[in-house]
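K.L.:
Requesting a structural model of the entry that follows:
(chains A and B)
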Amino acid sequence: MGVEAAVLPGMAVPERRRIPGNKGIWVGISCELVEFTVMFVIYFVARAHYPEAFHEGAARLSRLAGTGITLLMVTSSYFVARSVLAIRAGRRRASLLWLASGMAVALGYPVAKALEVGWNLAHGIDGSSGIFFTVYYYLTFNHLVHASWGILGMGWVLARSLAGAYTAEDHAGLEALASYWHATDIIWLVLFPLFYVLA
Amino acid sequence: MDTVTTHPAAATRAWLALVILTLVSLGLGEWFPAATWLPLLVAAIVWVKGCLVARCFIESQVAHPFIARGLRFFIAFAPMALVATAYFGDHLARWTALGLR
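P.N.:
Purely as a prediction, here's the structure:
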């Protein structure tokens, strides 16, 4: 494949635009992004109709839980990104350790969510507490489901890494998992201010 | 064909920026809950954080155009909708009432 575009000296330009991971995972990620776009439409329509309920509702949620989940997601995402960079550099052991760290941190998300739901119930907040909380449970539980798939995928990729399946030349599976996890991270970065910041 | 575009130090800087922006937006919500400019600033922070993950972790700038455009749209959608709802909420509510209210 030839280089068709002019390249300025010192500029690193790829030979062609690439697909991170593989096509299959991007079909899944595209579906995920479309699904959450629709759910965001639901959020904003509900917010436009019931602005007071959304102002009051956000103030009742645990900001500690929301912040904790956000820090877990961005840190786990960073560790997984470092795992990809390490395998590209041919450092398989480092890649494995970054990935294991990413999964350990990611597992903190369902734990934090369980604690948050317990805290909510202790404070009388459930799905029938009003429009804000219905939307909050709908979107955040959906995100938890998607994150759970990501954590399961991380376990599979970790097992494959342990078996020495990935090399500097061939690590599409690891990169596919990383792409899915980063997309799931972006979705949470949108959810966080919508439910925990804008009181 | 792999083109390494992200340096580990750049990924670390992106992570630090994500942590700092998270804490800044939390502080803004805590200290200025009623400020009229809060939704605008929060929307900007969401957009910057999304762009950081897309560029430094997914490397969208060297990804296939469909992927790059899809991510750009998704990252911009919620911040724009947030600004629209915050400043034109009444209009949005009217347009989406479907005659039910």
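K.L.:
quick one: buried residues of the helix or strand A:Met73 falls within?
P.N.:
Under the criterion of DSSP states H and E, A:Met73 resides in helix A:63-88. By 16 or more other Cβ atoms under 10 Å in any protein chain shown, the buried positions in helix A:63-88 come out as A:63, A:65-88. Quick note: C-beta positions are derived from backbone N, CA and C, even for glycine.
K.L.:
Quick one: distance of the lowest-mean-pLDDT helix or strand in chain A to the chain centre.
P.N.:
Counting by mean pLDDT, DSSP states H and E, chain A has its least confident helix or strand at helix A:51-60, which shows a mean of 92. Offset of helix A:51-60 from its chain centre (Cα atoms, centre = their mean, to the nearest Å): 25 Å.
K.L.:
Next, the angle from it to helix A:63-88.
P.N.:
80 degrees (axes from the mean of the first three to the mean of the last three Cα atoms, to 10 degrees).
K.L.:
and A:Tyr138, what is it in contact with?
P.N.:
Counting by Cβ atoms under 8 Å, 6 or more residues apart in numbering or on different chains, A:Tyr138 touches A:39, A:42.
K.L.:
how far away is A:Phe141 from A:Thr134?
P.N.:
A:Phe141 is 11 Å from A:Thr134, where distance means Cβ to Cβ, to the nearest Å.
K.L.:
These two - which one has more neighbours?
P.N.:
A:Thr134 (17 against 13; other Cβ atoms under 10 Å in any protein chain shown).
K.L.:
which SS class is the residue nearest to that one when sequence neighbours are not counted?
P.N.:
Of all residues not flanking A:Thr134 in the chain, A:Gly127 sits nearest, at 5.7 Å (Cβ to Cβ, 6 or more residues apart in numbering or on different chains). For A:Gly127, the assignment made with DSSP: H, G, I helix; E, B strand; the rest coil gives coil.
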